[in-house]
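Colleague: For reference, the sequence and a predicted model appear below.
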Amino acid sequence: MPAAEESYGVNKVVDNICQLSPDLLTEACQHILTYLQGQTRGVDSAEISDRFQRAGVRLDHEALQNVIRFLMLTFRSAGKSVLSGDELVSRLEEGSNKWPKASLRVLHRLWSEHGASVRAQQEVQAVLSIGQLVDMQWKLGMAVSSDTCRSLNSPYVSLLLKIAEPSGHICHRSFEMTVPQFQNFHKQFKEMAAVMETV
């Protein structure tokens, strides 16, 4: 991406952040920092969006996602570079001259309070960079047409997995199994649970 386009993109995100009061920016950053410290399984952008709307801040979905990504990337980068609060603010000011002082004070304070915890969690995640299972739902159905079932009107199990990826995004994966496949899957889960209890 050319420097002019990158600068325009950063300035656009900063313009959107400028719409946030210090309290609203603090809340959004705390969601992100809580995730980066390993205390939650992801950043719930719908919750942040609802909070913004209740406060009268109207950002479309893409703009909100860009703000969240920018803040997350800023904190992750500060953690990897072992930046102090002052160094973080200096880098932000180098990237855009549109930052309001109140926003920079919020980011400085939050990073000074939580930066060490974020760095510690990054070291742990570097070792264990796999997704985490957040939720699993299943339902039993009857096959009307299928590539894997030999005959129609045979039962199947539909699984929906909710997974928190290392990036922080929560994704959904779904698949279907025959009843014998599901029974084997269940047996393997029970065996894993038994092994984990001994650890």
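Modeller: Good, I have the coordinates. Numbers count the residues shown, from 1 in each chain.
Colleague: Can you tell me whether I have it right that residue 104 is in a strand?
Modeller: No - assessed with DSSP: H, G, I helix; E, B strand; the rest coil, residue 104 is helix; it does not lie in a strand.
Colleague: show me the residues around it that make contact.
Modeller: Counting by CB atoms under 8 Å, 6 or more residues apart in numbering, residue 104 touches 89, 92, 93. Just so you know, the C-beta spots here come from the backbone N, C-alpha and C atoms, and that holds for glycine as well.
Colleague: Check which helix or strand the residue nearest to the spatial centre of the chain maps to.
Modeller: Nearest residue to the geometric centre of the chain (CA atoms, centre = their mean): residue 168, 2.4 Å. Following DSSP states H and E, there is no helix or strand that holds residue 168.
Colleague: Let me know whether residue 48 touches residue 65 as I believe.
Modeller: No - Residue 48 is beyond contact range of residue 65, at 10.0 Å (criterion: CB atoms under 8 Å).
Colleague: Between these two, which is the more surrounded one?
Modeller: Per other CB atoms under 10 Å, whichever of residue 48 and residue 65 has more neighbours is residue 48, with 19 against 14.
Colleague: Check which helices and strands whichever strand or helix holds the more buried one is in contact with.
Modeller: Residue 48 is located in helix 45-54, with elements delineated by DSSP H and E. Identification of packing neighbours for helix 45-54 by 3 or more CB pairs under 8 Å, 6 or more residues apart in numbering; DSSP states H and E yields helix 22-36, helix 61-80.
Colleague: And for stretch 71-84, what's in contact with it?
Modeller: By CB under 8 Å, 6+ apart, stretch 71-84 touches 17, 28-29, 32-33, 35-36, 43, 87-88, 91-92, 107, 111-112, 115, 118-119, 122, 168.
Colleague: those helices in the chain, which residues are they?
Modeller: In the chain, the segments counted as helices under DSSP state H are 3-18, 22-36, 45-54, 61-80, 85-95, 101-127, 179-198.
Colleague: And the pLDDT for residue 68?
Modeller: Listed pLDDT for residue 68 reads 93.
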